[in-house]
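Q: I'd like to go over a predicted model; first the sequence, then the structure.
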Amino acid sequence: MTIGPIPVHCISQEYWYISRVRCECGGKLDTRLQFVTVGTPAVDVIDTSCQRCGKELRFEFDIGRFYPGDLTMDTKMVRLLERIDEERLADKLRELWSQAGTPPMDRVVAYIRGLSEEHDAFALEYLQACIAHFAKESAQRSSATGTIE
Ligand SMILES: [Zn+2]
């Protein structure tokens, strides 16, 4: 069975999502395999299996928000011009990914973690209020337009 594609903002969000899903039998999921399919959008595929009954579940995540935008074309060019093998292509993809930098959501989470490490409870409380405010606004907007998410 396949779930997705689910739009995400960073890789951590993918693992966070999977950690909250349980198998039909109630078992937790183990991550088995992860690979990226380059396309529009780029999709990160993660195969899991249930710790209890072994049932397999595939997750697909739409990573277009933070995956390098020109990657599809670049991959084609690399294949065509250099005729490199799969291993070198994987290296090239890793290099492109690292050039794309840290996704914004990862930077936000790192910033919040920094506040926590500095014991700045006041700042964390402020951010919590901001998130609660925008979550409420977003929910009101959804119900106003009749969108079900
Ligand atoms: Zn199970």
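A: Nice, thanks for sending it over.
Q: check contacts around P103.
A: Applying CB atoms under 8 Å, 6 or more residues apart in numbering, one finds that P103 lies in contact with H9, C10, I11, R65, F66. In this view, the C-beta of every residue, glycine as well, is placed from N, C-alpha and C.
Q: next, give phi and psi for it.
A: The phi and psi values for P103, taken as degrees, to the nearest 10, are phi -60, psi 140.
Q: returning to what we had before: nearest to M1, of the contacts of P103?
A: Closest to M1 out of the contacts of P103 is I11 (22.1 Å), distances taken as CB to CB.
Q: quick one: contacts for that closest one?
A: By CB under 8 Å, 6+ apart, I11 lies in contact with D44, I63, P103, D106.
Q: do you know how far the second one is from H133?
A: Remark: distance between I63 and H133 (CB to CB, to the nearest Å) = 28 Å.
Q: neighbour count: those two, which is higher?
A: Between I63 and H133, counted using other CB atoms under 10 Å, I63 has the larger neighbour count: 23 against 10.
Q: for the more buried one, give me its contacts.
A: V8, I11, V36, P41, A42, V43, D44.
Q: go on, C10?
A: Residues near C10 by CB under 8 Å, 6+ apart: F66, P103, P104, M105, D106, V109.
Q: recalculate using a threshold of 7 Å.
A: Neighbour list for C10: F66, P103, M105, D106 [criterion: CB atoms under 7 Å, 6 or more residues apart in numbering].
Q: which ChimeraX command selects the buried ones in those residues?
A: To isolate the buried members of the contacts of C10 in ChimeraX, using 16 or more other CB atoms under 10 Å:
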select :66,103,105,106
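Q: could I get the contacts of C10 as a markdown table with distance to S116 and secondary structure?
A: Formatted as a markdown table, the contacts of C10 follow (distance: CB to CB, whole Å; DSSP: H, G, I helix; E, B strand; the rest coil):
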| residue | distance to S116 | secondary structure |
| --- | --- | --- |
| F66 | 23 | coil |
| P103 | 20 | coil |
| M105 | 17 | helix |
| D106 | 16 | helix |
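Q: I'm done for today, thanks for sticking with me.
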